[in-house]
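K.L.:
this is the structure alone, sequence omitted:
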């Protein structure tokens, strides 16, 4: 897939440069284990889908353990001024809600100057991206889910089904998680209802 036509070209270039820096350290890796999949979540994935909310950090995990290079930080400028993009080394995909098939269902992203035969950059689907934001469900997470709903990339029924399936694999305070799923589904339903009323 291609990034949204509304995505920032300078953000895409900065993101691609960081991926290239990681790929440059894999020259001596046996070809049989390539490509290494890079699963992108968070604000970066949201921006590639929607063109909204330029993020400062890249939340991603890999299909193999990688000894990451030191310099994974890029300064760039767009019409809004200077920005900094960096790879978040503290990102942990166990903190959010994640469906067991999320990585298998992820979508390969075509990026300039990035060799998908070395690193295959893959975005969580819009649905799994929304679900990943239910675990913490902070204000920014709610806004991101609303954005995906407003752009018709997710709907209430699909979100509830996939999130409920994801929650089955979790232990602990599942009641709190179920409450967050209900709130997220209500949020998506409210967005759809407002969209519908505006069309009348």
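P.N.:
In hand now; what should we look at? What you see is a predicted model; the values in this text were computed from it and never measured.
K.L.:
and the closest residue to residue 115 other than its chain neighbours, what element?
P.N.:
Once flanking residues are discounted, residue 115 sits nearest to residue 23: 6.4 Å by Cβ to Cβ, 6 or more residues apart in numbering. C-beta: built from backbone N, CA, C; applies to glycine. Here residue 23 is covered by helix 9-23, with elements defined by DSSP states H and E.
K.L.:
remind me what that helix packs against, helices and strands.
P.N.:
Helix 9-23 is packed against helix 42-50, strand 73-78, strand 81-87, strand 119-123, with contacts defined by 3 or more Cβ pairs under 8 Å, 6 or more residues apart in numbering; DSSP states H and E.
K.L.:
the first one to helix 9-23, inter-axis angle?
P.N.:
Per axes from the mean of the first three to the mean of the last three Cα atoms, to 10 degrees, the angle that helix 42-50 makes with helix 9-23 is 130 degrees.
K.L.:
quick check: next helix or strand after helix 42-50?
P.N.:
Downstream of helix 42-50 (by DSSP H and E), the next one is strand 57-62.
K.L.:
so for the lengthiest helix in the chain, what gets flagged as buried?
P.N.:
Criterion DSSP state H: the longest helix present in the chain is helix 174-199. Using 16 or more other Cβ atoms under 10 Å as the test for burial, helix 174-199 gives 177, 180, 181, 184, 185, 187, 188, 189, 191, 192.
K.L.:
which strands and helices sit next to that helix?
P.N.:
Counting contacts by 3+ Cβ pairs under 8 Å, 6+ apart, helix 174-199 is packed against helix 139-150, helix 156-167.
K.L.:
nearest to residue 64, out of those?
P.N.:
Closest approach to residue 64 among the helices and strands packed on helix 174-199 is made by helix 156-167 (23.6 Å; Cβ to Cβ).
K.L.:
many thanks, I have nothing further to ask.
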